[in-house]
Every structure is written in C-alpha cells, then in structure tokens.
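Participant: how would this look folded up:
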Amino acid sequence: MNIPHYFSPVVKIAAWAMFAISVVALAIGIAAAAGAVLPLNINPAQGTLLIFSSSLAAVLTLALATIHYRITDTQIRLNVFFVDVLSGRIRLDNVLNVVKKQDKLYISYLWKGEDPVIAQIAVKPKYFDKIKNAITSANPKVRYYDETEDSSGDQ
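Facilitator: Sure thing, here's the model as predicted:
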C-alpha cells in the first residue's frame, strides 16, 4: 500500500515553482548550447552548465514529489522514487504503538536497543485509519491510542 507524504501548501508551491523554473532554464540552456543567439547573452559553455544545473534541480523536485510511505507485509518504508531511505529500519514486528494526537499520527518502534523510537508519520488525516489498520493487521500486538483532544469547551 502506497500513501503519499504530506507537505504543507507552501512547500508544494515552492517545489512546483522550482520545477517550472528548472524546465525553462533547461530549454534556455539547450538553445544556448546549440548556438542559438539569445537576448540573454549566454554562450554555449554557459548553456551546457545551465543544462546540467537545471536538470539537477528538476530531478530533485521530482524526487520530492515521489516521497511516499509504503507499507509492506513486514515493514514501513519511506520511499524516494523506489529507494527506501529508512533502509528497512521500521519493521512491523517491532512497532509497539500507533498514536493519533492533534491531527498527527505517531508510531513507536524498537530499532537498536530497548528504548523505543517515536516517529511521526506525515500523512493527511484521511489516511490515518488505513495506516493503523495495515499495521495492526500485520502485528496484532500493536496498541492504538486516540488522544485527540476536544477543545470545544476549553478556553
């Protein structure tokens, strides 16, 4: 099961703007490297450098767009493209708790040693139940806590 990572709207807008700028810069670099006369006074060597740097920026923004959680039968992965950046660190049989608190989802798990690691799973609230169900079905020992506070009467 793949679940997209949550990014704030500001980060999404910045990423799309960076991608758009890198595509425009790539087009300008290709034109300059091909020897086109541009009003920007970019020579072919600068065009080649612009191709390289804008391609790198485009790949980085695409990597940002592909970040997602993948829950398998044995682990929780945080993938960029198809690579698990956690390197299999979160095994489902080592997850102790799933906690929902103030519209955020946390898990605690054992990694190295006996002290648990607490990590936020950064997804939209509409995916909370899907993640909780996937984890608890793979490991029935996992405890779920819903610590959502009703602040309607608190002032």
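Participant: which stretches of the chain form helices?
Facilitator: For the chain, the helices defined by DSSP state H occupy 9-33, 44-65, 128-138.
Participant: Double-check A32 against L38; I have them as touching.
Facilitator: Yes: if you go by C-beta atoms under 8 Å, A32 and L38 touch, sitting 5.8 Å apart. Where C-beta positions appear, they are placed from N, C-alpha and C, glycine not excepted.
Participant: Compare the two (neighbour count), which wins?
Facilitator: The neighbour comparison of A32 against L38 (other C-beta atoms under 10 Å) goes to A32, with 23 against 11.
Participant: Ramachandran coordinates for the spatially most central residue of the chain?
Facilitator: Nearest to the mean C-alpha position of the chain, counting by C-alpha atoms, centre = their mean, stands I67 at 3.3 Å. Backbone torsions for I67, taken as degrees, to the nearest 10, come to phi -70, psi 130.
Participant: Give me the nearest residue to it, chain neighbours excluded.
Facilitator: Spatial nearest neighbour of I67, excluding adjacent residues (C-beta to C-beta, 6 or more residues apart in numbering): H5 at 4.2 Å.
Participant: That neighbour and K104, how far apart?
Facilitator: Noted for H5: a distance of 13 Å to K104, by C-beta to C-beta, to the nearest Å.
Participant: re earlier: for the residue nearest to the centre of the chain, give me its contacts.
Facilitator: By C-beta atoms under 8 Å, 6 or more residues apart in numbering, I67 lies in contact with P4, H5, L78, N79, V80.
Participant: Please pick the buried ones from these.
Facilitator: Buried members of the contacts of I67, scored by 16 or more other C-beta atoms under 10 Å, are H5, L78, N79.
Participant: Low-confidence regions, the protein specifically.
Facilitator: Along the chain, segments meeting pLDDT under 70 span 149-155.
Participant: Would you confirm that G88 contacts N79?
Facilitator: No: using C-beta under 8 Å, G88 makes no contact with N79, being 11.7 Å away.
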